[in-house]
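Peer 1: kindly return the folded structure for what I paste below:
(one chain, ligands or ions: 1)
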Amino acid sequence: MGLKILKTGSSLPENIVENSYFEKYLDTSDEWIKKRTGIEKRRISKDIDVCDLSKKAVEDLNLSDEEKSKIKLIIVSSLSADYIMPSISSNICGHLNLHKEILAFDLNMACTGFVGASILAEKYLEIDEYAIVVGTEVLSKYMDFNNRENAILFGDGSGAVLYKKTVDNFSCDSGTLYSKDLSLIGKSLDKESSFIEMNGKNVYRFTMEYVPESIRKTIEMSSYSEDEIDYFVLHQANMRIIKGIAKRFGGIEKYFTNLNKFGNTSSATIPICLDEMNKKNLLKENQKLLLSGFGGGLNYSTCIVLSGGK
Ligand code: UT7
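Peer 2: Numbers count the residues shown, from 1 in each chain. Alright, predicted model coming up:
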């Protein structure tokens with residue numbers, strides 16, 4: 001069975017922070033950031049928190065009453081919820097005034113969460129049923145803006161996809177290796193004491209060791225050849241990672257990227273990419289899209305979904 005993208009939406013804070021902002025007070029440079037990461041700017045929220053940003057992303061789906069009636073599942077992937085209860089997914093049910101027969105929950109798989117949630121959606125839905133999967137983060141509240149190693153990497157944003165379960169082929173692969181190389185440990189939700197910490201080199205090595213293999217397995221398990229994959233949409237962590245993987249699969253022209261504009265928005269990167277691709281009319285009916293997320297856990301997930309066209 002398979003998953004088809006019917007609609008996409010996104011929401012990004014208006015405030016744009018260019019690399020030059022960090023040059024003013026940190027020992028860093030626009031040149032270093034661009035060369036080592038590919039990031040030129042990112043959005044940093046000034047006044048909107050993650051639940052409201054998520055509501056705007058699902059509003060952007062412009063759901064009809066008929067589409068709403070077919071939704072059976074909402075999964076919101078986030079590591080930066082404003083509060084523990086009620087969940088962002090419950091908030092979305094209320095905000096969209098959805099019927100009550102919906103399984104809705106939030107999950108935290110860090111940067112891998114959107115793909116993990118997509119895999120769960122495929123396993124849960126019956127043919128022709130719909131799910132909303134959201135990746136959403138306001139990471140800036142957990143960033144130490146005085147730490148040059150992390151401050152320049154992350155951004156805020158939210159993306160949403162309306163999926164339909166279909167009879168098409170679906171293949172996926174996931175893995176988890178416990179590690180504190182990427183962590184957010186402290187008094188939970190306390191802005192003063194909790195910062196994202198990352199051993200970038202170790203996470204980089206982990207990614208290059210496990211993600212290509214996960215992509216290879218996912219393609220091998222599918223009914224598609226590597227050439228038949230129309231787009232590879234990877235977690236937007238570092239352009240060097242994406243280029244390295246593109247040398248092994250597909251070629252860089254098949255990789256959609258926007259980390260130059262938005263940085264690393266953790267679980268939001270992939271749905272934000274999908275929405276931008278959709279709005280640019282890049283997505284045509286039945287194209288095969290390979291999605292791969294990786295990050296804190298450490299973990300990774302890969303799957304192949306179909307595009308439903310605009
Ligand atoms: O989203 C979850 C998944 N995340 C990832 O997959 C991220 C994986 N890791 C990475 O993308 C890269 O490791 C980073 C972009 C985080 C760092 O790039 P790197 O090429 O691995 O740099 P590095 O940590 O090895 O640091 C190289 C040098 C160091 O200086 P020395 O020791 O060589 O003198 C750092 O102190 O660059 C220095 N450095 C900086 N210099 C200027 C680190 N950050 C900066 C900075 N500006 N912002």
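
Peer 1: quick check: residues of the stretch 101-250 of the chain near the ligand?
Peer 2: Counting by Cβ under 6 Å from any ligand atom, the residues of the stretch 101-250 of the chain close to the ligand are 111, 148-149, 152, 182, 200-201, 203-204, 207, 237-238, 241. Glycine gets a C-beta too; all of them are placed from N, C-alpha and C.

Peer 1: tell me the most packed of the residues you listed, by neighbour count.
Peer 2: Cys111 (32 neighbours; other Cβ atoms under 10 Å).

Peer 1: and that one, how far from Gly135?
Peer 2: Cys111 sits 9 Å away from Gly135, going by Cβ to Cβ, to the nearest Å.

Peer 1: quick one: mean pLDDT for stretch 200-214?
Peer 2: Mean pLDDT, computed over stretch 200-214, is 97.

Peer 1: now do the contacts for the residue in the chain that the ligand sits nearest to.
Peer 2: The ligand sits closest to Gly200 of the chain, with a gap of 2.7 Å, by Cβ to the nearest ligand atom. Contacts for Gly200 were tallied using Cβ atoms under 8 Å, 6 or more residues apart in numbering; they are Glu149.

Peer 1: list phi and psi for it.
Peer 2: With angles defined as degrees, to the nearest 10, Gly200 sits at phi -60, psi -40.

Peer 1: quick one, strands of the protein?
Peer 2: Under the criterion DSSP state E, the chain contains strands at 2-11, 16-18, 41-43, 71-77, 103-107, 130-138, 156-166, 172-176, 182-183, 197-198, 231-234, 288-295, 299-307.

Peer 1: relative to strand 71-77, how tilted is the longest one?
Peer 2: Read that as strand 156-166. With axes from the mean of the first three to the mean of the last three Cα atoms, to 10 degrees defining the directions, strand 156-166 sits at 150 degrees from strand 71-77.

Peer 1: partners of strand 156-166, with directions?
Peer 2: strand 2-11 (antiparallel), strand 130-138 (antiparallel) (DSSP bridges).

Peer 1: with mean neighbour count and mean pLDDT added, can I get these in CSV?
Peer 2: As requested, the strands paired with strand 156-166 are arranged in CSV below (neighbours: other Cβ atoms under 10 Å; pLDDT from 0 to 100):
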stretch, mean neighbour count, mean pLDDT
strand 2-11, 23, 97
strand 130-138, 30, 98
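
Peer 1: distance to Ser118 for those strands - can I get that in JSON lines?
Peer 2: Compiled in JSON lines, the strands paired with strand 156-166 are given as follows (distance: least, Cβ to Cβ, whole Å):
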{"stretch": "strand 2-11", "distance to Ser118": "6"}
{"stretch": "strand 130-138", "distance to Ser118": "5"}
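
Peer 1: of all these, which lies closest to Leu162?
Peer 2: Among the strands paired with strand 156-166, the nearest to Leu162 by Cβ to Cβ is strand 2-11 (4.1 Å).

Peer 1: dump that closest one to PDB, restricted to CA.
Peer 2: Extracted in PDB, the C-alpha atoms of strand 2-11 (Å, rounded to 0.1, in the frame of the first residue of the first chain):
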ATOM      1  CA  GLY A   2       1.100   3.600  -0.400                       C
ATOM      2  CA  LEU A   3       0.800   7.200   0.500                       C
ATOM      3  CA  LYS A   4       0.000  10.000  -1.900                       C
ATOM      4  CA  ILE A   5       0.500  13.700  -1.100                       C
ATOM      5  CA  LEU A   6      -2.800  15.500  -1.900                       C
ATOM      6  CA  LYS A   7      -2.000  19.000  -0.500                       C
ATOM      7  CA  THR A   8       0.800  20.800   1.200                       C
ATOM      8  CA  GLY A   9       1.000  23.900   3.400                       C
ATOM      9  CA  SER A  10       3.600  25.800   5.400                       C
ATOM     10  CA  SER A  11       4.200  28.800   7.600                       C
END
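
Peer 1: ok, Tyr178 touching Gly297?
Peer 2: Yes: counting by Cβ atoms under 8 Å, Gly297 is a contact partner of Tyr178 at 7.3 Å.
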